[in-house]
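In: sequence and predicted structure below; questions after.
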Amino acid sequence: MTDNGQPNGPETGIKPGSRKTYAYRFKRGLNRTVHWLNENDGLLIALLTLALVVVGILQRYTLDKTDETLKLQQRAWIGPANARLAEPLAEGRDIRILMNAKNFGKEPAIDFSYRHSALKGDLRDSFVEPPGETARQTKPTFKKKCMDISIKEPGQVIYPDGVANPLEEKMVRSDELGEHMANLISGKEVLFLHGCFVYETVHRIHHTFYCYSYQAGVSKELAMDVCRIGHDAD
């Protein structure tokens, strides 16, 4: 045997460095491998089983992500198309705010509701603020109430690219505003509207929370402006 492990001529009759030498080494290594596998077949089976489990988990994760992506691509997405005052602001006149809701997705939205029973009371009240004060535009309490709704109520069906009938989203009584009405008419104060859409798509309940504002002399005619902050959707 040579120093590098190759059989020499006297031992095997094989000339070192010949093709027969390499064939001999390959056969010897193969025999050792087969012998090891025979002695450790339990370990091998365990390793193969573990590999199959890992592959199965990865496949399940991939399928779940693919399914979720397809749902997001195909589901309904309801959002406000615009909000506007029904008529100009005037002393002694109630403020009526009209809203259009549109389905921007690819599936019908079922049981669309914008006046959910969970949002009754002062949470739906619009409010006024001096111009430039935007920190309260998120109205956290109302937003949390909206996004936490887990029960749908009977409502409209909005088909893809469809727009719901104009909704009278809010009416603010003039006698409730007092001196604020004069400030709204002059543009010294800003009127804010916070709204919540609840609907079902792909067998799940979803929500849209939004904010609009109106400031006389700044907003265009009767159109309300989208707030810079104060929006959410799922």
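Out: Received the coordinates, thanks. Numbers count the residues shown, from 1 in each chain.

In: how would you label Arg115: helix, strand or coil?
Out: Secondary structure, DSSP: H, G, I helix; E, B strand; the rest coil: Arg115 is coil.

In: what residues does the host helix or strand of Met171 touch?
Out: For Met171, the host element (DSSP states H and E) is strand 167-172. When contacts are defined by C-beta atoms under 8 Å, 6 or more residues apart in numbering, strand 167-172 is touched by residues 83, 86, 94-101, 114, 124, 126, 191, 193, 195. All C-beta spots, glycine's among them, are computed from the backbone N, C-alpha and C.

In: ok, 6 Å please
Out: Residues from elsewhere that reach strand 167-172 (C-beta atoms under 6 Å, 6 or more residues apart in numbering): Asp94, Ile95, Arg96, Ile97, Met99, Tyr114, Ser126, Leu193, Gly195.

In: Tyr159 is in contact with Lys106, correct?
Out: No. Using C-beta atoms under 6 Å, Lys106 is not in contact with Tyr159, being 10.1 Å away.

In: flag the shaky bits of this structure, pLDDT-wise.
Out: 1-24, 26, 29-30, 34-37, 40-44, 63-72, 119-138, 165-166, 169 (pLDDT under 70).

In: can you give me the strands for it?
Out: 78-85, 95-103, 109-113, 127-129, 156-158, 167-172, 190-201, 204-214, 225-226, 232-233 (DSSP state E).
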